[in-house]
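*Asks:* Just a sequence and a predicted model for now, questions to come.
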Amino acid sequence: MSMSEVPVANAAELAAYLEFLSTAGVDCALEDAPADRFAQTRSLMEKQVQTRSAPQQNIAPASSFSAPEPTPPKSESLSVSPAEMARNLREKGVSPDARQEARKILERQRTAREAAVTTSASITATDKNAVIPNAETVGSARRAAGSAQSLDELRRILAGFEGCNLRLTAKNLVFGDGSSKARIMFVGEAPGREEDIQGVPFVGHSGHLLDRMLKAAGLDRSMVYIANVVPWRPPGNRTPTPHETEICRPFILRQIELVDPEIVVFLGAASAKTLSGARDGIRKLRGKWLSYGLEGTQRKAIATYHPAYLLRSPAEKRFAWRDMLHIRAELETNE
Ligand code: URA
């Protein structure tokens, strides 16, 4: 879509329009013209075949093969530049103040996008699909998390931590909810749209189901503590990348230490695998007591199905129900 087709008449409409796109998961600018990736792959393969059948001195060692850099778009800039947008709004008779405001919005988005690109460029990558956490960023996350002596301090540190790109696209930090003295702590994967808006974990559809699951175990939010492995919403609710998870891991580990619950409940495979190091799938993992070590202190942990999965597969709710009873019985044993 070119700027003249953008359906806005003023800055407020533009802000609403950009908000709509971002909520719909449109978080990067693409070229106007479609690209035939199949044709590009075909041509790459043809080049490879030619290289292999070329005289010996021209054959590249296998290890030096790498996919070609994607062809840069004709223009490196967004398809809508601030100047273009300003001109367009001027033509539509939008006031200078409103134009200035719209320009600021676009600049902010551009800065956020560029920061995301810059940070991800500093990540060491051996392969286009494999991202290796930058040891320096993970180290700084560990040091920052380790320095927090209370949940409030951890929240403050996390709010100022700039090592995770997800903060650039999220509206709010989604830190935690419930009682800091809870005997039981639930850990999900990452916030969704509603959580991002409210800055509170599990308040959307999954959260409502979690509330009902808690009730099944005779619990409610005020008796438990709830958090996520990743405290910022990934754009469009995509799965957090291994790099994002690795960067955020020290913070959730410290959060668990500070809450110091008797039982940690991993909601879904992502949480269970990230925090316990387990490799099995959730079907195999769920419902079993896991011994979960933190700085020499062992605490009980158990994995159960993520409420979002249960919403898609209601027949599995009976297993989650069983897990909750199991947890309840364990709490009662130790009362
Ligand atoms: N899913 C999660 O894993 N966490 C939330 O907070 C909401 C949905």
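*Replies:* Perfect, thanks for sending it. Not measured: the values here are computed from a predicted model.
*Asks:* what does the chain put close to the ligand?
*Replies:* Proximity of the chain to the ligand (Cβ under 6 Å from any ligand atom) is limited to residues G188, E189, A190, P191, G192, E195, P201, F202, G204, S206, N228, A308. (Glycine included, C-beta is placed from N, CA and C.)
*Asks:* Phi, psi for A159 please.
*Replies:* phi -60, psi -30 (degrees, to the nearest 10).
*Asks:* before we move on, which element is the closest residue to it other than its chain neighbours in?
*Replies:* Once its chain neighbours are removed from consideration, A159 has its nearest residue in L173; the separation is 5.2 Å (Cβ to Cβ, 6 or more residues apart in numbering). Per DSSP states H and E: L173 is located in neither a helix nor a strand.
*Asks:* surely L173 meets W232?
*Replies:* Yes. With contact defined as Cβ atoms under 8 Å, L173 reaches W232; the gap is 6.4 Å.
*Asks:* So which of these two has more stuff around it?
*Replies:* Taking neighbours as other Cβ atoms under 10 Å, L173 and W232 compare with W232 leading, 25 against 19.
*Asks:* Look at that one and give its secondary structure.
*Replies:* With DSSP: H, G, I helix; E, B strand; the rest coil as the basis, W232 sits in coil.
*Asks:* Isn't it up against V174?
*Replies:* Yes. In this structure, W232 is within contact of V174 by Cβ under 8 Å, at 6.9 Å.
*Asks:* Which neighbours do those two have in common?
*Replies:* Each of P191, D196 lies in contact with both W232 and V174 under the rule Cβ atoms under 8 Å, 6 or more residues apart in numbering.
*Asks:* coming back round to it: if I look at L173 and W232, which residues touch both of them?
*Replies:* Common neighbours of L173 and W232 are listed as R167 (criterion: Cβ under 8 Å, 6+ apart).
*Asks:* what are the ranges of the strands in the chain?
*Replies:* In order along the chain, the chain carries the following strands (DSSP state E): 124-127, 130-132, 177-178, 184-188, 225-228, 263-267, 289-294, 297-304.
*Asks:* Can you pull out the low-pLDDT segments for the protein?
*Replies:* Low-confidence regions of the chain, defined here as pLDDT under 70, cover residues 1-7, 19-85, 108-133, 294-297.
*Asks:* residue in it nearest to the ligand?
*Replies:* G188 (2.8 Å; Cβ to the nearest ligand atom).
*Asks:* What's opposite that residue in the beta bridge?
*Replies:* Beta bridges link G188 to N228, judged by DSSP bridges.
*Asks:* How much space separates it from P235?
*Replies:* In this view, G188 and P235 are 18 Å apart by Cβ to Cβ, to the nearest Å.
*Asks:* Which one of the two is surrounded by more residues?
*Replies:* G188 (27 against 19).
*Asks:* Looks like the more buried one contacts G268 (just checking).
*Replies:* Yes. In this structure, G188 sits in contact with G268. The criterion is Cβ under 8 Å, and the distance is 6.7 Å.
*Asks:* Now do the shared contacts for those two.
*Replies:* Common contacts of G188 and G268 (Cβ under 8 Å, 6+ apart): H306.
*Asks:* related to what we said a few turns ago, which stretch among the strands of the chain approaches A9 most closely?
*Replies:* With respect to A9, and counting by Cβ to Cβ, the nearest of the strands of the chain is strand 225-228 at 38.8 Å.
*Asks:* ok, residues contacting that closest one?
*Replies:* Strand 225-228 is touched from outside by 174-180, 182, 184-191, 201-202, 210, 252, 255, 259, 261, 271, with contacts defined as Cβ under 8 Å, 6+ apart.
*Asks:* Any chance of a PyMOL selection covering the buried ones in these?
*Replies:* Applying 16 or more other Cβ atoms under 10 Å to those, the buried members can be selected in PyMOL as follows:
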select buried, resi 174+175+176+177+178+179+182+184+185+186+187+188+189+190+191+201+202+210+252+255+259+261+271
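*Asks:* Would you check that I302 makes contact with S291?
*Replies:* No. In this structure, I302 sits apart from S291 without contact. The criterion is Cβ under 8 Å, and the distance is 10.7 Å.
*Asks:* With neighbour numbers in mind, choose between the two.
*Replies:* Between I302 and S291, I302 has the larger neighbour count (other Cβ under 10 Å), namely 23 against 9.
*Asks:* wait, what's in contact with the more buried one?
*Replies:* Taking Cβ under 8 Å, 6+ apart as the definition of contact, the neighbours of I302 are I263, V264, V265, F266, R286, G287, K288, W289, L290, D323, H326, I327.
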